[in-house]
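> need coordinates for the below:
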Amino acid sequence: MAYAEFGLPVALVVFIAYVVINGGVQNFVQPKLMGQRLKISPVVVFVGLFIWGYVLGGIGAILAVPMTLLVLIIMENFEGTRPLAILMRYTGGEKTEERKAAASHVKGLWEE
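Just a heads-up that it's a prediction; the model follows:
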């Protein structure tokens, strides 16, 4: 539309602004907001978007958050993966004892 009305220079500015704004929202704002509302770390949301998008393409990117939540729920139900799932959950300041215990358990796995 910008190209038809104003020519190529304005169309390029509109295109670049669209790419920067859309990329910024999808790569920084969306993972943070989804992480806060779903109680998942924003890093986990971002990594989940990358992994599921790589594995399944565009559909994986669309379904990344629900599938990551499914994996987290499954991990929370098994004793061996529960500490890692606890660390991946975003809890803010609550349940600090549980997070500290999970962190020491996971840290102990790499020291052996």
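> list the contacts of residue 2.
Applying Cβ atoms under 8 Å, 6 or more residues apart in numbering, we find residue 2 in contact with 10-11, 13-15. To be clear about C-beta, it is placed using only N, CA and C from the backbone, and glycine gets the same treatment.
> pull the most distant pair out of these.
Maximum pairwise distance in the contacts of residue 2, criterion Cβ to Cβ, is 9.7 Å, between 10 and 15.
> run through the strands of this structure in chain order.
For the chain, strands defined by DSSP state E do not occur.
> show me the shaky parts of it.
For the chain, applying pLDDT under 70 flags the ranges 35-36, 90-95, 108-112.
> give me the most central residue, it.
residue 45 (1.1 Å; Cα atoms, centre = their mean).
> tell me which residues in stretch 80-100 are buried?
Going by neighbour count (16 or more other Cβ atoms under 10 Å), the buried part of stretch 80-100 is 83-90, 99.
> again, but for stretch 51-60
Those would be 51-53, 60, for stretch 51-60 by 16+ other Cβ under 10 Å.
> what would the residues you listed look like in TSV with distance to residue 4?
Formatted as TSV, the buried residues of stretch 51-60 follow (distance: Cβ to Cβ, whole Å):
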residue	distance to residue 4
51	40
52	37
53	33
60	35
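> out of those residues, which comes closest to residue 5?
residue 53 (34.6 Å).
> wait, the closest one sits on residue 61?
Yes. Under the criterion of Cβ atoms under 8 Å, residue 53 makes contact with residue 61 at 3.7 Å.
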